[in-house]
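S.K.: Sequence first, predicted coordinates after that:
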Amino acid sequence: MNKELVFLRTFAIATVVGITFITSTAFKKTGNQKFSEIDVERINIVEKDGTVKMIITNVERFPNGTDIINDRPTNEGRKKRSGMLFFNEDGIECGGFIYDGQKTENGHSSGLSLTYDQYDGDQVMQLLTQDAGQGDNRFVSSTLAFNDRPSKESQLKTAEIMKELEELGKKDPKAMQEKYKQYEQQGLIGGVPRVMLGKSRSQNNGLFLFDDKGMPRAMFYVDKENNAKLDFFDDKGDTIASFPEKAN
């Protein structure tokens, strides 16, 4: 009986030591690991100090809601999509690549977006394509856009302001609009397009330029009838010159 107990104890100790050794050496193995194929739902690329620099994810594990990354909250209302998110050295989100596409009841809807953000702000450059079909109608638009963002913009402050405006809008829409303008004048929220290259919603293909208020000022494009045009506008959006000149 004593011999059996000694054997069992010795076997148990040896087993624990063996498992511990295998586990520790497996995780301490240095050098590059090579895989022919790997299936994964999400990958977090991190620095040695744990700062997340990039996330590659499927739809389900896309961060939003109450998720915290680099000790900062994520965009609560953002739709979950498959793609990538980028983070700078301070752990602040600075851009991303997302895409989706699916059939709808009577058509389809799909899109792709690659964006780069102003420091601690929203996107200043975006490559965007949209494709929406409904019955026999189909709308496709692909653009490269450059935007101006507010000088005092902050992601956390913007989220706080948007929540405030949302609650105010439920009670008093007019007061909400006035409050929005106040924050906009303070340089806290807003943002306007400045340059767009691609196909507009009116299905014109070309180069579109905007002033610092987001108003169109010049367009060089080919319209739906394949006519090449050059248009200039005043600060109210009225045409002041065109080439070729419009017929009377």
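M.R.: Sure thing, it's come through. Numbering: from 1, shown residues only.
S.K.: Pull the distance from stretch 119-134 to the chain's centre.
M.R.: 7 Å (C-alpha atoms, centre = their mean, to the nearest Å).
S.K.: can you give me the mean pLDDT across it?
M.R.: Stretch 119-134 carries an average pLDDT of 95.
S.K.: can you pull the buried residues of that stretch?
M.R.: By neighbour count on 16 or more other C-beta atoms under 10 Å, the buried set for stretch 119-134 is D120, G121, D122, Q123, V124, Q126, L127, L128, T129, Q130, D131, G133. Just so you know, the C-beta spots here come from the backbone N, C-alpha and C atoms, and that holds for glycine as well.
S.K.: which residues are contacting that stretch?
M.R.: 88, 90, 92, 94-95, 101, 104, 106-118, 138-150, 153-155, 158, 191 (C-beta atoms under 8 Å, 6 or more residues apart in numbering).
S.K.: Narrow those to those in helices?
M.R.: Using DSSP state H, the members of the contacts of stretch 119-134 that fall in helices are Q155, T158.
S.K.: Out of the contacts of stretch 119-134, which sit inside strands?
M.R.: Judged by DSSP state E, the contacts of stretch 119-134 include 94-95, 101, 104, 107-117, 138-148 as members of strands.
S.K.: For PyMOL, write the selection for the buried entries among these.
M.R.: Command for PyMOL, covering only those of those found buried under the criterion 16+ other C-beta under 10 Å:
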select buried, resi 94+95+112+113+114+115+117+141+143+145+147+148
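S.K.: returning to what we had before: ok, so of the buried residues of stretch 119-134, who is nearest Y180?
M.R.: Nearest to Y180 among those: D122, at 15.4 Å, using C-beta to C-beta.
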